[in-house]
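J.: let me see the structure of the following:
(2 chains)
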Amino acid sequence: MSIQVKNLFYTYLPKSPVQTEALKDVSLTIEEHSFVALLGQTGSGKSTLIQNLNALLIPTQGEVIIDDFVVTNSKRKNKKIKQLRKKVGLVFQFPEYQLFEETVEKDVAFGAKNFGAKNDDALKKAHYALKSVGIDESYFKRSPFELSGGEKRRVAIAGILAIEPDILVLDEPTAGLDPKGTNDIMRLVQQMHEDGKTIILVTHDMNLVMKYCQKVYVLKEGMLAFEGTPSALFQQIADDVSIEIPPLYRLAKKLSDQGLPICFEKIRKSEDLIKQIQDWRSNHE
Amino acid sequence: MNSISFGRYTPYETFTHKLDPRNKLFLSIALMVIIFFQFKVMSTTLLLSGIYLILLIVLMLVSRVNFLELFRSLRGMWFLIIFIFAIYVFIPNNSYQGTQVAFYINTYAVYWMAFYQAGYIILRLVLMIALMMVLTSTTKPMDLTYGLEWYMSPLKAIHFPAHEIAMTTSIALRFIPTLLDETTRIMKAQSSRGVDFNHGGLFKRFRAIISLIIPLFVSAIERSDELANAMIVRGYNPKAKRTHYEILRFGTKDLLAFIITILFIGGIITLFVIDQNSTNGFDIIQSIFHQNIGF
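T.: This next block holds a predicted model:
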């Protein structure tokens, strides 16, 4: 169930004085069950690209192929689009703004119900999703508007999880959260990846990219500027405006410059670097 | 990105753009009033409407107003236009009797006059919309509210909250694009959760709208709460005497525009008074060409 984007162009408000080409000839393939990051400056076309992935936006030119779903400009079949949206769950930035139901469980079940689950079934899915994001039963009957910011965010993410998508696209899920909130969300995302979902993460936080992602795609002015592993990315670029090399990588780089043999590909957390140093020391004693 | 662009301010530097908003407000309203004068003689009314139309087109060209937008706004009104025609044509009106009959539907006579009346109403509507477009696309919304505040300020003597109203209006105007963006954002988020805003029965649509409106209200209320706090923190006091960053000036250009427009309006009013006081009305074409081509 890979995602293939072929020569994708997207133009906002075409043939008007304010038309903007948000995506220009983007082609990429995202493997099944992978955990990838989508990077780029504000206005580089990330949001446009992810909205093309679940047919919220229809390509101006080119196509998006997910499984046997093909989204192009010519074939617009709304029935299929709904199935596609069930397959590709999109968590928008600040998803807490989409909450509206009277109770937490109803709100989470809302999406599942829209995609055809019966009431009881939807509630069951909602409870499961809520538990997996770490919201316990005492919250189920409360109003979503009473919750704290981080809790709201988790409830909103649960609302997408209850749809049971195979591919999960998250647009800056950690924006505006404190370190604990960030960790909670990322651990949750990692868990979902381990459960077999394909994860596409849009973020500005290179530490997260280094820690979790297998592959990164960098968009620049609507074009694909880089595709590869996080460490290859950090190796290739000097400090960019949008891409700040994480401290851990910089430390590893300094050590490597001093003559320590470092395998950059294997470093995700500080523990990985420590392990490499320890291995090196034990080899030299 | 939003689709509502009707009469939106365009940042050009034309003659009209540079006029004082107070001046533009007054003149627009005055012109709107004379557009609605109906003369006793049909040819006079038609001729004057034609003149207004030409002058407005010139004004739109001078102010660089987009003509396409005018047509677009008309396209949005097609239902209203059909409705007006239907009312005028199918509702019997005794005053049409004796005028030319266009055609019969069974035994019901449809008069040319009905078409003329309906067309005239639509023409006036178009003129008014064009005039409003000139005003709003050459004046920043904020300047308009300052202009309004200026007109309302004498009412402060009777404790009318002129400044508060102007402030509220300008904040409301400021938030229209923000709320539109918010609307598209929430619509997309809910579409991702399987809401279909374009299809389905009445109940489904209603549910869809609810899922849009509640988050929109919540975020609007939160925003206004934050804005209120930000204003209080910066010491906002509605009762305080305020100065403006941009002081409205009535310059030579304004004087020129004012005199020309007032002379024009004065002329039309004179004609109107003559028309209303004479028994047969004032036939402009007859008095100029000494010919009678009336209906």
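
J.: what about whatever residue of the stretch 151-285 of chain A ends up closest to chain B, how many residues close to it?
T.: Across the stretch 151-285 of chain A, the shortest distance to chain B (C-beta to the nearest C-beta) belongs to residue A:159, at 6.3 Å. Bear in mind the C-beta positions are built from the backbone N, C-alpha and C, glycine included. Residue A:159 is flanked by 30 other residues according to other C-beta atoms under 10 Å in any protein chain shown.

J.: roughly how far does the spatially closest residue to it that is not a sequence neighbour sit from residue A:157?
T.: Of all residues not flanking residue A:159 in the chain, residue A:108 sits nearest, at 4.8 Å (C-beta to C-beta, 6 or more residues apart in numbering or on different chains). Distance of residue A:108 to residue A:157, given as C-beta to C-beta, to the nearest Å: 9 Å.

J.: so between those two, which is more surrounded?
T.: residue A:108 (33 against 27).

J.: contact partners for that one?
T.: For residue A:108, the contact set (C-beta atoms under 8 Å, 6 or more residues apart in numbering or on different chains) comprises A:126, A:129-130, A:155, A:158-159, A:162.

J.: what residues does chain B put near chain A?
T.: Counting by C-beta under 8 Å from any C-beta of the partner chain, the residues of chain B close to chain A are B:1, B:182, B:185-186, B:188-196, B:198-199, B:210-211, B:214-215, B:218-219.

J.: filter the residues you listed to the buried ones?
T.: With burial judged by 16 or more other C-beta atoms under 10 Å in any protein chain shown, the buried subset of the residues of chain B next to chain A is B:182, B:185-186, B:188-196, B:211, B:214-215, B:218-219.

J.: so of those residues, which ones are in helices?
T.: Among these, DSSP state H puts B:182, B:185-186, B:188-192, B:211, B:214-215, B:218-219 in helices.

J.: could the residues you listed go into JSON lines alongside pLDDT and distance to residue B:132?
T.: Shown next, in JSON lines, are these (pLDDT from 0 to 100; distance: C-beta to C-beta, whole Å):
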{"residue": "B:182", "pLDDT": "91", "distance to residue B:132": "26"}
{"residue": "B:185", "pLDDT": "91", "distance to residue B:132": "29"}
{"residue": "B:186", "pLDDT": "93", "distance to residue B:132": "30"}
{"residue": "B:188", "pLDDT": "92", "distance to residue B:132": "32"}
{"residue": "B:189", "pLDDT": "93", "distance to residue B:132": "34"}
{"residue": "B:190", "pLDDT": "93", "distance to residue B:132": "34"}
{"residue": "B:191", "pLDDT": "91", "distance to residue B:132": "34"}
{"residue": "B:192", "pLDDT": "91", "distance to residue B:132": "38"}
{"residue": "B:211", "pLDDT": "92", "distance to residue B:132": "34"}
{"residue": "B:214", "pLDDT": "93", "distance to residue B:132": "33"}
{"residue": "B:215", "pLDDT": "93", "distance to residue B:132": "32"}
{"residue": "B:218", "pLDDT": "91", "distance to residue B:132": "33"}
{"residue": "B:219", "pLDDT": "91", "distance to residue B:132": "30"}
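
J.: so which of those comes closest to residue A:168?
T.: Of all those, residue B:192 has the smallest distance to residue A:168: 11.2 Å, by C-beta to C-beta.

J.: cheers, nothing more for now.
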